[in-house]
Structures are given as C-alpha cells and as structure tokens.
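Peer 1: take this sequence and fold it.
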Amino acid sequence: MSAATVRPFSVEDAMDQAGGCSSGCAPQIGLRADTETVGHASGHPPWDVNRDSSIHYAAWPCGIPNGLRYAAMLLAGRTRPSKEHKVSRPSSSISFVRLVKEIIARCLLWSGVIYAVRHLLWRDRVLILVYHDPKPDVLASHLAYLRRIAQPIRLADRCKSPAGRPRFVVTIDDGHAGNARLLEVFRAHGIHPTIFLCSAIVGTSRQYWWRHPAAAGSIERLKRLPNAARLAELSSLGFAQDAELSAPAALSRSDIEHMKESVDFESHGRFHPILPCCDDEGCRVELSQSRLEIEGLVGRACGSFAFPNGSYGEREITVLRSAGYQSARTLDAGWNDEETDPFRLKAVPVSDDASWAWFAVQISFIPAYFRYLKRGSFLGRAPQLQPIDCRDLRTSGAG
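Peer 2: Residues are numbered from 1 along each chain as shown. So this is what the prediction gives:
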C-alpha cells in the first residue's frame, strides 16, 4: 500500500457503516484511505494527543496488521510498545496507546461484534453513561452516534415500559465548571442529563482534591487511605478541602440556575471522599447533608446518588435508604431493567476525549469488563475498596 493517509471518518459514516445502521444493515469496514489527513468526527487525529499533525500509514509504528498484535496487550493493561516497535518519529506513549485503541475499535466495529452486543445484550434495556468533563464537540459526536441507535431518556424514567429500542441515560459526575458549556449540545440532541454534584464544591471556589498539585502522582494511593489520613497528608502538602481559590473548578450557582430546567442535579457527596474509607459519622454526613445541600441549591427534591469512584458497600446503601434517597448509581458494568436494584444501578464509564469509534467500543462494556477482570472481578462489578482495606492500611502504617 502507498503512503496514503486515512480520510476523516464522519459520524454519519459511523452510523451506517461501522456500527450497523438503525434499520439493521450489516456493519461494513470503516477505514478509507486517500490523500486527506487522519481524523474522526471533529476532524482531529484521535490518536494524536497534540492534534496538530497527520499520521501517514507508512509511518505508523508497525502498520495496521502488526499493530493488531497490541490489542490483547492493551486490554490486558500492557500499553507500552516493545523496543523493536518504537516509533521512529517523535511520539509519546499516550499517542501510541490512542493509535492502538483506534485500531482495536475499527476492527471490532468492522467485525460486527459491537453490532451483535447491541442487538443481543443491550436490546431494550437502559444503558447509563458516565462522563466527567467532556468537550462539547466530543460529546456532540457521541450523542449523534447514540441518537441513531438508541432512545434517550431521563434517569428518573428508567423504569418506564420500553418502546422496543435500546435506551440510554447520560450522567456526569462532580459538576466541573466546563459542564456549563455542554447545555446547548444537550438541547440540540434532545438529551435531559443528570449531573451528580459535589455539594460542598459547586457554587464555591474550592478545588477537587485529586486536581490539586498536592495529589499529583499519588491519587490511587490516596484513595486507599482512611479518609482522615488522606486529608492529613494532603494538608501537609498545602491542600485544604474548604479553602477558596481564585479560579473556581466547579459549576457556579448561576450556572446551575441557568441549567436546571434542562438538567437534573443530584448528589455525588460533599467533598468526594472514598466512602468505604470514611468512618460511620463521616459517611453519614457526606450522604445525608449533601442531599439537603443539593435541594437547597436547586430548589427541588434530590433522590439519587452516585458513589464516588464507584466504591460502596452495604453500609453506604443502608445510609442512603435512611437519608431518603430512592436510587444510587454505581460503576458496575451492565445494562438496567425493571429488575435492577435501584441502589445498584449499573453504568459504563466513558472517556471524556474518546473518538466516536472508541466510544462505540466502550459502550459495549468490552474495555470495562477486561479492566475489571484484570483486577479480579469476574461478574462485571467495579473492583471495590472496602473498609477492611483501610483498617489494614492504618495498622500497617501505610501512607
């Protein structure tokens, strides 16, 4: 093959070719080569994090056929290329991973696997998507794809009788300031999302703890500490969870007021601790007080909760019930129907910067299942950090 480049593949192409069209046509191959630059629906190379250059087929690390050898490595968590396949041109390991993900996604779409998952497993059940801080153009490409294959509904309507089509709910965690830019995208696509707010951070100039420089390089370890130990370590490095900064990290009160007619706002706790690592009183305050704060902020009832980090146990569910919540969203993999426990709603995490092709793969749960499987979860439940882990860390002096 000559050193051609891959033409930008539009969302419309994705609908009718890569994923199978809504009328049931068989999926077809989705890569095309000509003289244009590599890209996806937004026109940017999905595997180039700098998004300022094209990637030629002949310059790919090992070409498409050999690149497929890395599919299993990526799903197993091995993301760095071996020495003999180092990229000769300037490149980062991140851009290589993005390239491999795109190759995997295109192959799965072409194979018909994603089409089969939708028709055999998703059926008329409810898929709950989880975002954090996506850019408007990326989210728009995802929603354009979804609207062709599934019906959007509100979280509160998940138990209504299905209309015979796959259904989906869009949820966003934390309440980042950038979420305000998504309102017009939601309106344009007829989506009524749910944003789970950290009630003690939105409407203030406080910072999310994992975004503070004090947490750099240690986020996963800090998650495993008892909550008091985590806060003490962060405090020693200059972070205080109630400190006001100059630049707000979260939605303002005016943002929430402007959005609330088109968005449901629910609770994600107050400061986003890992709940199983909180003591009983700390857990109770995070869950019950955040509900009251959200109701005061929005002016209507708050009945749903999203577990920070997807971490929860029986204690958390008991506290939620006693605090007056009606449902809770986890990060456990799967679709939802009328038999799903309302306090264990399943969901799929979506990468905020995913190309449409990788997004189509993510909502099949294939990446999530392999990631959970690697961490010892065989039934699709998000790997859990339970209170016993925190006690072990406390007694061993970790952190």
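Peer 1: please name the nearest non-neighbouring residue to F239.
Peer 2: With sequence-adjacent residues excluded and distances taken as CB to CB, 6 or more residues apart in numbering, F239 is closest to A214, at 4.1 Å. In this view, the C-beta of every residue, glycine as well, is placed from N, C-alpha and C.
Peer 1: ok, Q241 next?
Peer 2: F271 (5.0 Å).
Peer 1: what strand or helix carries that neighbour?
Peer 2: Using DSSP states H and E, F271 falls within no helix or strand.
Peer 1: was I right about it contacting A200?
Peer 2: Yes: contact between F271 and A200 holds when scored by CB atoms under 8 Å: they sit 5.3 Å apart.
Peer 1: what do those two both touch?
Peer 2: Q241 (CB atoms under 8 Å, 6 or more residues apart in numbering).
Peer 1: about what we covered before: in three-state terms, label the residue nearest to F239 for me.
Peer 2: Of the three states, A214 takes helix under DSSP: H, G, I helix; E, B strand; the rest coil.
Peer 1: over to G238?
Peer 2: On the basis of three-state DSSP, G238 is classed as coil.
Peer 1: what sits against it?
Peer 2: G238 neighbours (CB under 8 Å, 6+ apart): H212, P213, A214.
Peer 1: please convert the buried members of the residues you listed into ChimeraX selection syntax.
Peer 2: The ChimeraX selection below is limited to those of those classed as buried (16 or more other CB atoms under 10 Å):
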select :212,214
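Peer 1: which one of the contacts of G238 is nearest T318?
Peer 2: Within the contacts of G238, proximity to T318 (CB to CB) peaks at H212, which comes in at 31.6 Å.
Peer 1: surely the closest one and A243 touch.
Peer 2: No: H212 is not in contact with A243 according to CB under 8 Å; the separation is 9.4 Å.
Peer 1: and the next helix or strand past the helix or strand hosting I195?
Peer 2: Using DSSP H and E, I195 falls within strand 194-197. For strand 194-197, the succeeding helix or strand toward the C-terminus, using DSSP H and E, is helix 219-223.
Peer 1: which other residues reach that following helix?
Peer 2: W209, W210, A215, R230, E233, L234, I274, C277, N309, L385, G399.
Peer 1: and the longest helix for the chain?
Peer 2: Identified as the longest helix of the chain according to DSSP state H is helix 93-111.
Peer 1: would you mark the buried spots in the very next helix or strand once past that one?
Peer 2: Heading C-terminal from helix 93-111, the first helix or strand you meet, by DSSP H and E, is helix 113-117. By 16+ other CB under 10 Å, the buried positions in helix 113-117 come out as I114, Y115, V117.
Peer 1: how much space separates the nearest residue in space to L143 that is not next to it in sequence from A357?
Peer 2: For L143, ignoring the flanking residues on the chain, the nearest one in space by CB to CB, 6+ apart is H189 at 4.2 Å. Computed as CB to CB, to the nearest Å, the H189 to A357 distance reads 19 Å.
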